[in-house]
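Trainee: Turn this into a model:
(chains A and B)
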Amino acid sequence: NAGVTQTPKFHILKTGQSMTLQCAQDMNHGYLSWYRQDPGMGLRRIHYSVAAGITDKGEVPDGYNVSRSNTEDFPLRLESAAPSQTSVYFCASSYPDRENSPLHFGNGTRLTVT
Amino acid sequence: KNQVEQSPQSLIILEGKNCTLQCNYTVSPFSNLRWYKQDTGRGPVSLTIMTFSENTKSNGRYTATLDADTKQSSLHITASQLSDSASYICVVNGNAGNMLTFGGGTRLMVKP
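Mentor: Model (predicted):
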């Protein structure tokens, strides 16, 4: 099992450009989520999904969109990037119906918006 | 407001020494508390979970404690190794619905 795979690892965007961060998991986890990690702050949830076809907003959803067409994939789209979206982005998965299930994180995408 | 505060923010110790990381939370209701280790350039990985009824749990050289009355947890690392250099993140689960509150982490550096 590869676990949670994120691509790309690094990317530089110009303000106003769009891009999609990819996330794929092969553990048959129902729950998928996107977080951003900024210096001095805890991980903050952007969007999440408990099953294919179901998505919901997290703590900091503005400027980001998600979709969940199947169990494995959960792409995060930035429609018009802003410098404030410079961050490290993590995708994480777990079993949604098991209270003590840990989050399994990918290795992140480091995004810089200039 | 649910909050998780970790201390210290950063710590430098010599290889072979012990250290203790602290986590205080105000999350209510409480379901469980989990410690993650995050190596540089990698995603966090779960070390251990503490539920309401557990006071102490060990995972190799890592020992976590929980005091649910004072809402405090600690992570004790024994006989530190260079590979322990990482950030350690405390995460509190407030209920059964993946409502997690993350601490800001403690950055540990172990020097030879």
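Trainee: Check what pLDDT the residue in chain B that chain A sits nearest to gets.
Mentor: Chain A sits closest to residue B:43 of chain B, with a gap of 2.9 Å, by CB to the nearest CB. Glycine gets a C-beta too; all of them are placed from N, C-alpha and C. We have a pLDDT of 97 for residue B:43.
Trainee: So for the helix or strand where residue B:108 lies, what gets flagged as buried?
Mentor: According to DSSP states H and E, residue B:108 maps onto strand B:106-111. By neighbour count on 16 or more other CB atoms under 10 Å in any protein chain shown, the buried set for strand B:106-111 is B:106-108, B:110.
Trainee: Could you list everything whatever residue of chain A ends up closest to chain B pairs with in the sheet?
Mentor: Chain A approaches chain B most closely through residue A:105 (2.9 Å), counting by CB to the nearest CB. Beta bridges link residue A:105 to residue A:92, judged by DSSP bridges.
Trainee: Residue B:57 now?
Mentor: Applying DSSP bridges, one finds that residue B:57 bridges with residue B:64.
Trainee: Contact residues of chain B facing chain A?
Mentor: B:4, B:31-32, B:34, B:36, B:41-46, B:49, B:51, B:89, B:91, B:93, B:96, B:98, B:100-105 (CB under 8 Å from any CB of the partner chain).
Trainee: please redo it, this time with the cut-off set to 6 Å
Mentor: Within chain B, the positions adjacent to chain A are B:32, B:42-44, B:46, B:49, B:96, B:102-104 by CB under 6 Å from any CB of the partner chain.
Trainee: For chain A, which segments count as strands?
Mentor: Assigned by DSSP state E, the strands in chain A fall at A:4-7, A:10-13, A:19-25, A:31-37, A:44-51, A:54-57, A:64-66, A:76-78, A:87-94, A:104-105, A:109-113.
Trainee: I'd like to know which elements the first one is packed against.
Mentor: Secondary structure elements in contact with strand A:4-7, counted by 3 or more CB pairs under 6 Å, 6 or more residues apart in numbering or on different chains; DSSP states H and E, are strand A:19-25, strand A:87-94.
Trainee: For those, give me a markdown table that also has mean neighbour count.
Mentor: Below are the helices and strands packed on strand A:4-7 laid out as a markdown table (neighbours: other CB atoms under 10 Å in any protein chain shown):
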| stretch | mean neighbour count |
| --- | --- |
| strand A:19-25 | 19 |
| strand A:87-94 | 24 |
